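1. from the sequence below, what's the structure:
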Amino acid sequence: MDNASLSTAPLLLTPGEVELAALRRVHAGGIQLAIDPAARAGLLAAQATVRRIVDAGEVVYGINTGFGKLAQTIIPHERLAELQRNLVLSHSAGTGAPLPDGVVRLVLATKAVSLARGHSGIAPEIVDALIALHNAGLLPLIPSKGSVGASGDLAPLAHLACVLIGEGEVTTPEGAVIGGAEALSRIGLQPFVLGPKEGLALLNGTQVSTALALAGLFGAEDVFAAGLMAGALSLEAIQGSIKPFDARIHAARGQPGQIAVAAAVRTLLEGSEIIPSHADCGRVQDPYSVRCVPQVMGACLDNLAHAARVLRTEANAASDNPLVFDNGDVISGGNFHAEPVAFAADIIALSVAEIGAISERRMALLLDSGLSGLPPFLVRDGGVNSGFMIAQVTAASLASENKSLAHPASVDSLPTSANQEDHVSMATFAARRLGEMVQNTAVVVGIEAMAAAQGIELKRGPKSSPLLEAEFAAIRQHVAFIDQDHFIAPDIEAMRQWARRCDWPAALLDILPSRP
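-> Residues are numbered from 1 along each chain as shown. Reported below is the predicted structural model:
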């Protein structure tokens, strides 16, 4: 990304009040950030409290003691800077592929917001440096594995902190990898000599787990919208009934997501000429994968909405330890434990798996001529041509894979730090696996939409609704009608990209939790 392409008007982040729509923009990139200047007073006050403790010779965990199981070890004043530097270096134990750029942008932004809450005792210049790195497109290279999501995302956040002390690695906007010291030089800074508590404040916190979960939430919203669109197209392809979407049915149950989904599908189908054309067809009920779209996708939407509320709160949270308060108290607690994030990620995983599962069933329905009334496997001259036969196998394999990936990570725990940290959240993995799950579901939903467009064209007569006709045309810009077998893998990839887009009709965007 060229720095010149960045928006010149920075997005102002007010600690404690950052909304999901703003975080979605951070994840997408192409913007500059700024921390609300009003946060500076709180930062300075907390830093002064830490300095007072050090000057008075008081013993407070994390300020002048060891860490974890070594918390009983008192560190002399002259070695406090060494303590913080060693903490960062020793905890830089991550492994695996680097986190995606969008996730790292979220880590930088949420870490800055968390520290700027004024409970960390850290120098304002460190917060400024995090924002400056983001705005320059200089993204710390953070390995994706090595955190259990308790006592903070210690290892991955240590790789972030390494850059601030002139160590570690950074990716540039051009894709090169440079050292931490050079990255700081490019934004006019020298490596920091961390003061008391500053290294610990950088390492403690749930920002990596939260950033991964936010990225998963945004992706889940994209494939949710794609799934509703594909489902509406499939309904038209099989000439299904609109009656199960009647608002009275859903009001009688009262589930908000179900009510919203049914309304969205009715809007998508408004003005369809296909629906009245088969009013007397004699079909009594459609299979559940069509008839129960509001109930299934509505439950997914409610889950996503709950996860969104949790993650919005966590993105604004002071989650390091100990915390500094206005009256001078410094209290050791456990806000670094990422159980809320782990639960939220598990809930998102369930939704992503179900979006793909019901989509794959509609795909199978389209291919079954006995149920859909369409040619077998959606192709003329069947036998010579196999049509969508193996595309459905691909969808089935990915939907099944997501079932395994959806197993809750939060129920797992493995003690660390000589049993001092005896219960952990596994939030980082819980959130990290969402990226793969979203990609799997995007493929499944994309294949369904491609198949539904094929079915509509095979039966082409009356037109669908204006919104669905526009979507049909958009799909045809990605893939052509399949008249005979051809190399289909590029079509599947094109439709995966279709499913990951963000520019859906307002009827879909308006019900997504992270949309303004």
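
2. C-alpha only now, for contacts and for neighbours.
-> OK.

3. low-scoring stretches of this structure, by residue?
-> Counting by pLDDT under 70, the ranges of the chain that qualify are 1-7, 68-69, 280-284, 417-420, 516.

4. what about 50?
-> 1-7 (pLDDT under 50).

5. what's the first helix or strand after the helix or strand containing residue 297?
-> Under the criterion of DSSP states H and E, residue 297 resides in helix 293-315. Beyond helix 293-315 on the C-terminal side, the first helix or strand identified by DSSP H and E is strand 323-324.

6. rewinding a little: any buried residues in the helix holding residue 297, and which?
-> 293-305, 307-308, 310-315 (16 or more other C-alpha atoms under 10 Å).

7. same check, this time on stretch 323-331
-> Going by neighbour count (16+ other C-alpha under 10 Å), the buried part of stretch 323-331 is 323-325, 330.

8. so where do the strands sit in the chain?
-> 11-13, 33-35, 95-98, 139-140, 143-145, 169-171, 177-179, 323-324, 330-331 (DSSP state E).

9. which elements pack onto the third one?
-> Going back to what we said before, that points to strand 95-98. strand 143-145 (3 or more C-alpha pairs under 8 Å, 6 or more residues apart in numbering; DSSP states H and E).

10. all helices for the stretch 401-516 of the chain, in order.
-> Ranges of helices in the stretch 401-516 of the chain, per DSSP state H, counting those that start in this stretch, are 427-458, 466-478, 489-499, 506-509.

11. show me what counts as buried in the first one.
-> Going back to what we said before, that points to helix 427-458. For helix 427-458, a neighbour-count test (16+ other C-alpha under 10 Å) marks 427-435, 437-456, 458 as buried.

12. residue 114 and residue 344, how far apart?
-> 19 Å (C-alpha to C-alpha, to the nearest Å).

13. apologies, that question was intended for residue 130.
-> 26 Å.

14. compare those two (neighbour count), which wins?
-> residue 344 (28 against 25; other C-alpha atoms under 10 Å).

15. surely the more buried one and residue 312 touch.
-> No - the pair residue 344 / residue 312 is not scored as a contact, 10.9 Å apart, by C-alpha atoms under 8 Å.

16. quick check: end-to-end length of stretch 329-343?
-> 31 Å.

17. begin at 388, not 1, for the rest of this chat.
-> Taking 388 as the first residue, the last one we looked at is stretch 716-730.

18. just give me how far it sits from the chain centre.
-> Taking C-alpha atoms, centre = their mean, to the nearest Å, one finds stretch 716-730 lying 21 Å from the centre of the chain it belongs to.

19. before we move on, what about stretch 847-857?
-> Per C-alpha atoms, centre = their mean, the centroid offset for stretch 847-857 relative to its chain is 33 Å.

20. same check on stretch 517-525?
-> With C-alpha atoms, centre = their mean, you get 21 Å for stretch 517-525.

21. do the same with stretch 861-873
-> Offset of stretch 861-873 from its chain centre (C-alpha atoms, centre = their mean): 31 Å.

22. what sits against the closest residue in space to residue 789 that isn't next to it in sequence?
-> The spatial neighbour of residue 789 that comes closest, neighbours along the chain excluded (C-alpha to C-alpha, 6 or more residues apart in numbering), is residue 740 at 5.4 Å. By C-alpha atoms under 8 Å, 6 or more residues apart in numbering, residue 740 lies in contact with 786, 789-790, 793, 824, 828.

23. give me the number of residues near the spatially closest residue to residue 554 that is not a sequence neighbour?
-> Counting by C-alpha to C-alpha, 6+ apart, the nearest residue to residue 554 once its immediate chain neighbours are dropped is residue 567, at 4.8 Å. Counted with other C-alpha under 10 Å, the neighbours of residue 567 add up to 28.

24. residue 788 too?
-> By other C-alpha under 10 Å, 16 other residues sit near residue 788.

25. with residue 648 instead?
-> 27.

26. residue contacts, it?
-> Here residue 648 is in contact with 680-681, 684-685 (criterion: C-alpha under 8 Å, 6+ apart).

27. can you redo those as JSON lines with distance to residue 623?
-> Putting these into JSON lines (distance: C-alpha to C-alpha, whole Å) gives the following:
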{"residue": "680", "distance to residue 623": "14"}
{"residue": "681", "distance to residue 623": "16"}
{"residue": "684", "distance to residue 623": "18"}
{"residue": "685", "distance to residue 623": "20"}
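
28. what is the nearest of these to residue 644?
-> Of all these, residue 685 has the smallest distance to residue 644: 4.0 Å, by C-alpha to C-alpha.

29. my guess is the closest one contacts residue 652. True?
-> No - assessed by C-alpha under 8 Å, residue 685 is found out of contact with residue 652, at 11.2 Å.

30. which residue sits closest to residue 434, ignoring its sequence neighbours?
-> Residue 434's closest residue in space is residue 508 (C-alpha to C-alpha, 6+ apart), at 4.0 Å.

31. what is the neighbour count of the one you found?
-> 30.

32. which ones are touching it?
-> With C-alpha under 8 Å, 6+ apart, residue 508 has these contacts: 430-437, 584-585, 588, 710-711.
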